[in-house]
Structure formats: structure tokens, C-alpha cells
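Visitor: My questions concern the predicted model and sequence given below.
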Number of protein chains: 2
Amino acid sequence: MLYHQGDAALNLYVVVVGRLRATQTTEEGNQIALRYLGPGELAGYAVLAGIPRYPGTVVAVEDTHLFVWPANAMRQLMGRHAQIALNAVAVLGSRYQETQLRLRELSSETVEHRIAHALLRLANQAGRRTAQGTEICFPLSRQDIAELAGTTLHTVSRTLSAWEKEGIVLSAHRHVVVCRPEALAAVNEAAS
Amino acid sequence: MLYHQGDAALNLYVVVVGRLRATQTTEEGNQIALRYLGPGELAGYAVLAGIPRYPGTVVAVEDTHLFVWPANAMRQLMGRHAQIALNAVAVLGSRYQETQLRLRELSSETVEHRIAHALLRLANQAGRRTAQGTEICFPLSRQDIAELAGTTLHTVSRTLSAWEKEGIVLSAHRHVVVCRPEALAAVNEAAS
DNA sequence: CACATTGATTGTTTCACCGCAATCTCAGCT
DNA sequence: AGCTGAGATTGCGGTGAAACAATCAATGTG
């Protein structure tokens, strides 16, 4: 557990090895996953933007090694070296763009599309080639997928079962292998 | 029309007076509204983040006066004056946070909540005090509200009709007045 | 090895919201 | 004034996905 939603934003983190999960929770306790963070990605952007409190919660889902910078040091660094600030702008910009894309997806596409897209992104981001296909190499429950795709674990379970029958994915306990990514991408075109 | 989704990102704009609308369109032609931009806000953040093409479309919904900076000039400015880059980080950060909030809202809250929230935000951002309440001071059709809240114009129309009966809002042709903002905020707590 | 706990599956029921369609209203134009 | 077209309203099904619920499988523990 790196920090909780609402904590004072004290540190900026960069993942060296491992995997983090960033989530947000509503007042009613409803939780959604914002994104998974792998090696090289940064957590705690609030520090960069000068937001006083973390807007989300970040926990590790594997053993993880991190670099840490205190907020003050980070702000000084950005003030002194424009290039660092420029990098921060670029990172935030691409995250912003990605979030907008998800927003569009969530408001206009079906659950099936969103699950397909979520799996494809995870496979790209944290995939490992195996004999059967691309394996998502950290433990990932149906509940987790549901929170990413903005749906319920029940619907995810049904959808994955259907795909498993078609040979598009393989799934074990908290573990998913994407066998035919092109079939998942095709889901986005038209209902199979 | 400032620019189209997919155009090369050439300029950064700042609104002096008027009102812009930022939208994104899916391949299937489905459109969602990202946000409305009023005086002091900036359009074309892609230029800041170094993204080569505009990810959305921006059009003016009123007569609007703008400042314009070419992308090169902007990048030079940020490289030379760290403070400008820091400001850019802050702007992008707060936009990012706001988008995450909408994402959470869209995936966990009902249509009614989202319409209420959209109206409240517009009233805060572009409201003008009148005798009856806070008036949203630019033309805004049901379709526009629907694109903001991620729903259809039909549902928006129904919801606004109901609220008008309860005296929460007043609406004329492409024109909305929020009479009892506290009642709208209460919608977010429990279904009335 | 039995037991407890967490995660996954699947059937049934329910409901919020969308899509269609017909009608109505208002704003601007000639 | 009368016409025209864009915007708004409303009723009525249809349906995708959530809610509820019961069962089953896997993992880890004393």
C-alpha cells in the first residue's frame, strides 16, 4: 500500500520492478480501477501538478521495488531544470489523453467491447509470450477486470467463459492468457 | 471551428471572451462532449504535451475572442521559463483529475446523477445570477447535455421535464436555469 | 488432511435506459 | 404573417446488463 485516496500528497514514485494498481472509490464504496502501473511508470502525479491530496489509492499487486522522491525535491527539480518539467507535461498529457479515450469508450461502447479493450491493453502492457499466446503476468481476478471495464464480475465471468469456448482466451485462477488478440480486436468492430 | 480531431497540432489557444466546446468522435460517429471552455481556459493541450495531432475537435458555441500561440513558440517558452512549464503541468494535472472523476461517475452512477452533476458544473463555470436562479449563459440543447452526461437526448428531456415540475430547473429553448442547486446536489445522495 | 476463505460460475429475475416514432413548439426567414 | 426546419416532448416496447442467489473450485493454513 503506497498511499490512500485523500492522504496528503508527499511523494512521487517510479516503479522499478513489479506492478501497482491505481483505484478510486466513491463515497458509497464503489471502486473503479484507473490503471495498472508497470516498470518505468510513475505514481503520485498529484505531486507534479501541485494537488495537495492524492486523488486515488495505489497498492502493489506484486512484490515491487520503487524509487521515491519527496514532493519538495520534485518541485525544486522541476523549477530548476525545465527539461524535467517538460517530461512531466508529456507524461501527464498522454495519461490525460488515455483517460479521455476510456471516457469515450465507457460512454459509447458495450461492456463486451470494453472488456476486450481492457484485456488487450493489459496484454500489451504486461504481456509475456508463451506457447499458447500472450499471458498477463500478474494475478488478476474477475473482480479486477470488472473494475477496469466498468462492469460487474458476473458479466466478466460470463464473457470470459464464452471467449474461452471460442478459444480466444485461456483462464485459470486469477490468471488470463490472450490466445487470439486479433479476435479480441475484432469484437470492437462488430458483435461476433 | 478551431480544429478537427486528427488535425496536426499547430496552435495553443486561450479563450479571452466566449465559449468553446471540446468533443471527441468515435469511428462509428458517436460523439461525446469532453468539456466546455470559458474565458481564461486553454484549448489544444496537445501542443503542450508534444502530441502530434489534436485528439479532439473544438468549436465555438458563441462569438469568441482568442489568443493563439504557435506550437514552436510555446515549446521554446516552456524550455526557457520553467515557471511556464510548471503552470502547464498544473493545468494538465487538474484536467486529468477532473477527467478521472467523470470516469468514476460514468461507471458507477446513474444517468440522473450524471445529468445533475453536469448541470451543476456548467452553472458554476458559466453561470449568471438572475432572479430565478443561476442561468447557464450560452445556448445549450438537450443533445449537448446528453453528450456531456453520456446519455441520449430523450433521457435528458424526460429528466429535465420532471425537474421542471419540481421547480428545480427552468428551461426554455436551448437555455437552462438552475433554480435550486442544492436539490440537484441532493440527487447525488439518494434517488428523490 | 480437514477446514476456512476467497474467487469463479451460472441460472433467474428485475429494471434502468435506449431506440423508435409521432407530435408539438419555437426561432428565424422571406 | 405564414412558412420552414431544428429542437423538444412523450409514449411505448425491447433489451443489455445489474442484482440476487446458490453452487462449485482453488488456495492457503493450522
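Guide: In hand now; what should we look at?

Visitor: Pick out the residue nearest the middle of chain A.
Guide: Centroid-nearest residue in chain A, with Cα atoms, centre = their mean: A:R35, separated by 1.9 Å.

Visitor: you'd agree that residue is up against A:T23?
Guide: No - look at A:R35 against A:T23 with Cβ atoms under 8 Å: they stay out of range, at 9.3 Å. All C-beta atoms are positioned from the backbone trio N, CA, C, and that covers glycine.

Visitor: Isn't A:R104 up against B:T26?
Guide: Yes - applying Cβ under 8 Å, one finds A:R104 in contact with B:T26, separated by 6.2 Å.

Visitor: Which pLDDT value belongs to A:A9?
Guide: What the model reports for A:A9 is a pLDDT of 97.

Visitor: scratch that, A:E189 is what I was asking about
Guide: Looking at A:E189, its pLDDT is 69.

Visitor: any idea how far the residue in chain A sticking out farthest from the centre is from A:I51?
Guide: Distance to the chain centre peaks in chain A at A:R80, reaching 31.3 Å (criterion: Cα atoms, centre = their mean). Between A:R80 and A:I51 the computed distance is 21 Å (Cβ to Cβ, to the nearest Å).

Visitor: swap in A:K165?
Guide: In terms of Cβ to Cβ, A:K165 sits 46 Å off from A:I51.

Visitor: Looking at the two, which has the bigger crowd around it?
Guide: The neighbour comparison of A:K165 against A:I51 (other Cβ atoms under 10 Å in any protein chain shown) goes to A:I51, with 17 against 8.

Visitor: Am I right that that one sits in a helix?
Guide: No - judged by DSSP: H, G, I helix; E, B strand; the rest coil, A:I51 forms no part of a helix; its state is coil.

Visitor: That one against B:E98, yeah?
Guide: No - if you go by Cβ under 8 Å, A:I51 and B:E98 don't touch, sitting 11.0 Å apart.

Visitor: and A:P52, what is it in contact with?
Guide: Applying Cβ atoms under 8 Å, 6 or more residues apart in numbering or on different chains, we find A:P52 in contact with A:8-9, A:46.

Visitor: higher neighbour count, A:R104 and B:T26?
Guide: A:R104 (21 against 14).

Visitor: The strand or helix carrying that one and DNA strand C in contact?
Guide: Element membership for A:R104, per DSSP states H and E: helix A:82-108. No - Helix A:82-108 lies out of reach of DNA strand C by Cβ under 7 Å from any atom of the strand, never closer than 8.3 Å.

Visitor: Can you list the helices and strands that the helix or strand following that helix packs against?
Guide: Sequence order places helix A:111-126 as the next helix or strand after helix A:82-108, per DSSP H and E. Where contact means 3 or more Cβ pairs under 8 Å, 6 or more residues apart in numbering or on different chains; DSSP states H and E, helix A:111-126 is packed against strand A:31-37, helix A:82-108, strand A:134-136, helix A:142-149, helix A:153-165, strand A:175-178, helix A:181-187.

Visitor: which bits of chain A sit near DNA strand D?
Guide: With Cβ under 7 Å from any atom of the strand as the criterion, chain A meets DNA strand D at residues A:110-112, A:150-152, A:154-155, A:172-173.

Visitor: What subset of those residues is buried?
Guide: By neighbour count, with 16 or more other Cβ atoms under 10 Å in any protein chain shown, the residues of chain A next to DNA strand D hold A:111-112, A:150-151, A:155 as buried.

Visitor: Point out where chain A drops to low pLDDT.
Guide: A:189-192 (pLDDT under 70).

Visitor: one more time with 80
Guide: Scanning chain A for pLDDT under 80 picks out A:188-192.

Visitor: Also near DNA strand C: which of the residues of chain A next to DNA strand D, exactly?
Guide: Within these, those near DNA strand C by Cβ under 7 Å from any atom of the strand are A:154, A:173.

Visitor: nearest to chain B, of the residues of chain A next to DNA strand D?
Guide: A:G150 (3.4 Å; Cβ to the nearest Cβ).

Visitor: if I read this right, that closest one contacts A:I32, doesn't it?
Guide: Yes - taking contacts as Cβ under 8 Å, A:G150 lies within contact range of A:I32: 6.5 Å.

Visitor: Could you tell me which residues touch both of these two?
Guide: Taking Cβ under 8 Å, 6+ apart as the criterion, A:G150 and A:I32 both touch B:107-108.

Visitor: if we can go back for a sec, count the residues that sit near the nearest residue to the residue farthest from the centre of chain A once chain neighbours are set aside.
Guide: Spatial nearest neighbour of A:R80, chain neighbours left out: B:A82 (7.0 Å); criterion: Cβ to Cβ, 6 or more residues apart in numbering or on different chains. B:A82 is flanked by 19 other residues according to other Cβ under 10 Å.

Visitor: give me the number of residues near A:R158?
Guide: A:R158 has 14 nearby residues by other Cβ under 10 Å.
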